[in-house]
Structures are given as structure tokens and as C-alpha cells.
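Student: compute the structure for the input listed below.
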Amino acid sequence: MDNQDHQANTSVMCQLVSPEGEHLGAALYLPQNVGPPQLQEIVNHLLHNDDKLPYAFYIGDEELSVQLGTYMQQKNANVEVTLRIVYQPQALFRIRPVNRCSATIAGHTEAVLAVSFSPDGKCLASGSGDTTVRFWDLNTQTPLFTCKGHKNWVLCIAWSPDGKHLVSGSKSGELILWDPKTGKQLGSPLMGHRKWITAVSWEPVHLQSPCRRFVSASKDGDARIWDITTRKCVISLTGHTNSVTCVKWGGDGLIYTGSEDCSIKVWETTQGKLVKTLQGHGHWVNSLALSTEYVLRTGAYDHTGKTYSTAEEMKEAALLRYNKMRGNAPERLVSGSDDFTMFLWEPTISKQPKARMTGHQKLVNHVYFSPDGQWLASASFDKSVKLWNGITGKFVAAFRGHVADVYQISWSADSRLLLSGSKDSTLKVWDIRTRKLKQDLPGHADEVYAVDWSPDGEKVASGGKDRVLKLWMN
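Tutor: Down below sits the predicted model:
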């Protein structure tokens with residue numbers, strides 16, 4: 001019998017597995033000429049999907065792009081062993097990579113330290129060393145409002161997930177609330193922190209709508225929960241013995257803080273009780289990310305551009321999106337540290353990390369889950385961006401191309417592209433499927449401190465040492 005007949009006659013024993021590791025039905029004998037299109041049909045059928053959804057398939061950490069028979073030959077694989085094929089849902093929409101600078105907008109008189117798009121992607125804000133917050137008109141690509149009120153550098157900014165407020169924190173420790181519609185300051189600055197503000201995070205809109213509370217982290221070692229209606233600090237989260245570098249308000253109502261005391265603390269938000277401390281890092285914790293971050297940031301807004309007339313409607317839509325994204329799995333947290341490593345945690349389940357992720361040669365500066373939670377990216381001062389499996393923490397690929405420290409990363413809404421900004425003055429767009437550089441975006445005259453990809457996927461904003469804000473489009 002010649003080889004081709006033999007191939008057609010032997011089938012491959014396959015077990016379809018969800019990204020969380022759950023088996024989808026029993027193992028199947030599949031003919032060797034089955035490839036991704038046929039597997040897609042099978043998965044949609046087994047999951048009883050009325051609307052056919054797109055899936056990608058992975059064996060190990062490698063995407064299956066050929067027929068099973070070809071794969072077996074390429075890998076010289078044993079037909080007797082069951083192939084574990086992980087099916088991964090893909091976004092129904094596709095984001096095009098940005099490839100040109102559509103506007104360079106002057107306005108700030110010192111370095112741009114933070115840029116952030118509103119939850120619906122329609123508005124953009126920035127914070128600068130010139131002590132101002134600015135709102136930008138994305139249609140005309142011109143400055144809209146210049147907001148003065150801070151006494152020192154604006155270090156961080158955050159939109160409420162209902163899009164109604166922007167809060168900014170400065171190097172002098174005060175927080176200011178702004179109305180994005182008018183650019184006006186809402187009330188007097190919120191005082192309480194004794195040193196500069198390192199991070200701000202809002203309570204998710206599916207837990208409280210309209211948005212009322214946010215949490216701030218400071219160099220003074222505390223995190224504080226503020227209520228914007230009473231304009232007071234309602235709870236002080238004290239317990240860290242050194243600067244709090246990052247904070248995230250999770251979808252299940254817990255707050256996570258990372259600190260220079262090498263620990264991560266988990267707090268409940270009704271009384272501010274410490275729930276648990278996550279230990280393991282040997283140096284400062286620099287960055288925290290949640291697997292649900294994208295839906296927490298965007299609340300009720302998705303790629304369809306639907307708007308909501310009431311706060312209740314918005315809360316319901318946001319809750320649906322959150323539950324769908326989270327599924328049955330717990331919310332995952334990742335921490336990046338000055339000890340060059342990262343830990344993946346499931347804080348509601350265990351105090352022990354699920355995985356320790358090593359490979360960076362210098363400090364890990366920024367970590368970020370993809371919008372679908374399947375991937376995890378890390379930026380480091382070792383000039384590389386690394387990609388990891390967002391569920392297991394397993395290393396997937398290293399993106400090399402920057403020639404200096406990588407400061408910040410941001411994902412496209414469909415989880416297919418990753419953006420990085422670096423000290424080398426460039427932005428780069430990486431393709432997750434091919435694991436290669438998709439687009440090199442030079443243009444800034446100096447270090448790029450801040451990058452953000454708009455939640456609607458249509459534009460990218462960047463800012464840095466050269467004081468200009470750049471908008472990039474397709």
C-alpha cells in the first residue's frame with residue numbers, strides 16, 4: 001500500500017479542550033484531511049452554537065494551520081497518542097493595524113506622561129509634566145480643553161467606565177475630578193495622600209452605576225477609596241510598608257494593590273478589610289493586570305458602538321459583558337516586578353501563585369492581558385516584549401525589535417495585535433498569530449512614555465518626552 005492510501009486510512013485520535021482545560025465531549029477519531037475549517041464546524045456543533053463562531057486551534061502552544069495529517073508528518077508524531085487540541089474563540093470583528101501617523105498635535109509644554117481613550121473610544125485625554133490635563137477632539141484632531149488645577153506633574157489619569165468623569169493624580173498627591181464634556185474641574189481637589197499618586201482605578205460599572213467610587217494608590221504607602229458624590233475619602237487601605245505602585249479594582253468587588261514592599265494585597269471594599277496578602281516577589285512589584293481588565297475598562301461599550309439612555313441599562317449591559325468574558329473561571333491577576341519575574345495568581349482561590357514566569361533579563365515594567373484574557377504580554381527594560389499563555393502562564397514568544405527599554409503596551413480590541421512604546425522613540429505593532437513585527441512606527445523625536453489603543457480599535461495615541469501627542473490610524 002503506498003503512503004497516500006495509508007494516510008487516508010489512518011485517523012488521528014483527538015481530544016478537543018477548552019482554553020481552561022475542560023474536555024469538549026469524548027475523544028474523536030478524525031480523518032487526517034481534517035484542518036481548522038472542519039474543526040471549527042465540529043466545535044460549533046458540539047457547543048450548540050446557533051450563530052457560528054470563529055475559533056483558532058492550538059496543539060501545545062503552536063497554532064494548527066494545516067490538516068492533521070500534514071501536522072503529524074511535520075512533527076513526526078505518534079498516531080497512537082491522543083492529540084490535545086485547544087480551541088480558542090476569536091473576536092467576530094477584525095481590527096486593522098495602524099500604519100500611519102494621522103496627526104501630531106502640539107499643546108503640552110512638557111513631557112506627555114499619560115494618554116487614555118474614553119471607554120467608548122470617542123474621546124482622548126492626556127496628562128503631562130506641564131501640570132495640565134488635556135482633552136483632545138478626535139474628529140478635528142485638535143486640542144479641546146486644557147485643564148489647569150494641579151500643582152505638579154500629572155502622573156496618572158483614569159476614565160470612569162461610564163465615561164462621565166476623568167480623574168487625574170499628580171506628583172504633589174492631590175486628585176482632581178474633571179467633566180470631559182466641559183473640561184471643567186468638579187469641586188476642589190481631593191486631598192489626603194502625603195506623597196505622589198502612582199495609580200488610579202474605578203469601581204466597575206456593573207457593580208455600581210452611575211460610577212461613584214475610585215481607588216488611588218500613592219508613594220505614601222496607602223491606597224484610598226474616594227466617593228465622588230460626597231467628595232470624601234471613604235476608606236483608607238493601610239498595611240503596605242512601602243510605596244504602593246499599582247492598584248486594580250476587580251470585577252468581583254475586590255481591590256488589588258502592588259507595592260515596593262514586594263507584596264500584593266487583596267482588599268474587600270465595604271469596610272476596607274485586608275482579605276489576603278500574596279507573597280513571592282523578591283523585589284518591588286511594578287505592575288498589576290487583571291484578565292477581565294478590558295471589559296472593566298469599557299463597561300457597557302463594545303465594538304458595535306451602542307449607547308445607553310439610563311444608568312441601569314448601562315449596568316445590565318456591563319454585567320452581561322463581564323459575565324460572558326469571565327465565564328466560569330475565576331478572575332486572574334498577574335504581577336510584574338523589579339526581580340525580573342512575573343506571577344500569575346487566582347486570588348479568590350489561592351494565596352499560592354498559579355505560575356511563575358521567568359525569562360526577562362531586566363525589570364518587568366508593564367503587564368497586560370489581552371481583551372479576551374487568552375494572552376498576557378509583558379514589557380521590560382531588557383528591550384523585549386514577551387507573550388505568555390494568559391490561562392497557564394506558559395511562555396509563548398519573545399518580540400524583539402526595540403533597541404531600548406519598553407515602557408508601555410496596549411492591545412487591539414480583537415486581541416490579535418499588540419502595541420508597544422519605547423525609550424527608543426518608536427511604537428511597534430506585533431502580530432500575535434505570526435509572532436512577528438507587523439508595523440514599525442517611528443515619528444517621535446524622543447522617548448515614548450505612554451501609548452493607548454482605543455477600545456473601538458480605530459486609533460492609537462502616543463505621547464512622550466517630545467511633548468507632542470501623536471494619533472495613528474490605518
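Student: quick check: what element follows the helix-or-strand element of the chain with minimal mean pLDDT along the chain?
Tutor: None of the helices or strands of the chain scores lower by mean pLDDT, DSSP states H and E than helix 3-9, at a mean of 49. Counting by DSSP states H and E, the next helix or strand C-terminal to helix 3-9 is strand 11-17.
Student: what packs against that following strand?
Tutor: When contacts are defined as 3 or more Cβ pairs under 8 Å, 6 or more residues apart in numbering; DSSP states H and E, strand 11-17 packs onto strand 28-31, helix 36-46, helix 68-75, strand 83-89. Where C-beta positions appear, they are placed from N, C-alpha and C, glycine not excepted.
Student: out of these, which comes closest to Asp456?
Tutor: Closest approach to Asp456 among the helices and strands packed on strand 11-17 (Cβ to Cβ): strand 83-89, 20.2 Å.
Student: who are the neighbours of that closest one, in terms of helices and strands?
Tutor: strand 11-17, helix 36-46, strand 55-59.
Student: any idea what His23 is bridged to?
Tutor: Legend: beta-bridge partners of His23 under DSSP bridges are Val17.
Student: again with Tyr29
Tutor: Note on Tyr29: beta-bridge partners by DSSP bridges are Met13.
Student: give me every residue that touches it.
Tutor: 11-14 (Cβ atoms under 8 Å, 6 or more residues apart in numbering).
Student: now His360
Tutor: Neighbouring residues of His360 by Cβ under 8 Å, 6+ apart: 340-342, 378, 380, 382, 384, 386.
Student: apply 10 Å and report the result again.
Tutor: His360 makes contact with 336-337, 339-342, 378-382, 384-386, 398 under the criterion Cβ atoms under 10 Å, 6 or more residues apart in numbering.
Student: leaving out chain neighbours, which residue sits closest to it?
Tutor: Nearest non-adjacent residue to His360, counting by Cβ to Cβ, 6 or more residues apart in numbering: Ser380, 4.3 Å away.
Student: contact partners for the one you found?
Tutor: The contact partners of Ser380, by Cβ under 10 Å, 6+ apart, come to 336, 340, 342, 359-367, 386, 398, 402, 405-406.
Student: show the buried residues in these.
Tutor: Among the contacts of Ser380, those classed as buried by 16 or more other Cβ atoms under 10 Å are 336, 340, 342, 359-360, 363-367, 386, 402, 405-406.
Student: related to what we said a few turns ago, need the contacts of Tyr29 in JSON lines with neighbour count and pLDDT, can you?
Tutor: Shown next, in JSON lines, are those (neighbours: other Cβ atoms under 10 Å; pLDDT from 0 to 100):
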{"residue": "Ser11", "neighbour count": "17", "pLDDT": "90"}
{"residue": "Val12", "neighbour count": "21", "pLDDT": "93"}
{"residue": "Met13", "neighbour count": "13", "pLDDT": "94"}
{"residue": "Cys14", "neighbour count": "20", "pLDDT": "95"}
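Student: isn't Asn242 up against Lys219?
Tutor: Yes - in this structure, Asn242 is within contact of Lys219 by Cβ atoms under 10 Å, at 9.0 Å.
Student: excluding chain neighbours, what is closest to Trp375?
Tutor: Nearest one to Trp375, counting by Cβ to Cβ, 6+ apart, is Gly390 at 4.9 Å.
Student: what count of nearby residues applies to Lys151?
Tutor: 11 (other Cβ atoms under 10 Å).
Student: could you tell me which residues make contact with it?
Tutor: Lys151 touches 131, 170-174, 189, counting by Cβ under 10 Å, 6+ apart.
Student: out of these, who's the most crowded?
Tutor: Highest count within the contacts of Lys151 by other Cβ under 10 Å belongs to Ser170, 23 neighbours.
Student: what about that residue, distance to His150?
Tutor: If you measure Ser170 against His150 using Cβ to Cβ, to the nearest Å, the figure is 4 Å.
Student: what touches both of these two?
Tutor: When contacts are counted by Cβ under 10 Å, 6+ apart, Ser170 and His150 are jointly contacted by 127, 131, 133, 176, 189.
Student: quick one: the helices in the stretch 151-300 of the chain?
Tutor: Under the criterion DSSP state H, counting those that start in this stretch, the stretch 151-300 of the chain carries helices at the ranges 293-298.
Student: what segments of it are strands?
Tutor: For the stretch 151-300 of the chain, the strands defined by DSSP state E, counting those that start in this stretch occupy 154-159, 166-170, 175-179, 184-185, 197-202, 213-218, 223-227, 232-237, 244-249, 254-259, 264-268, 274-278, 285-290.
Student: so for Ser415, which of these sits nearest?
Tutor: strand 285-290 (13.8 Å).
Student: chain center to the closest one, what's the gap?
Tutor: 10 Å (Cα atoms, centre = their mean, to the nearest Å).
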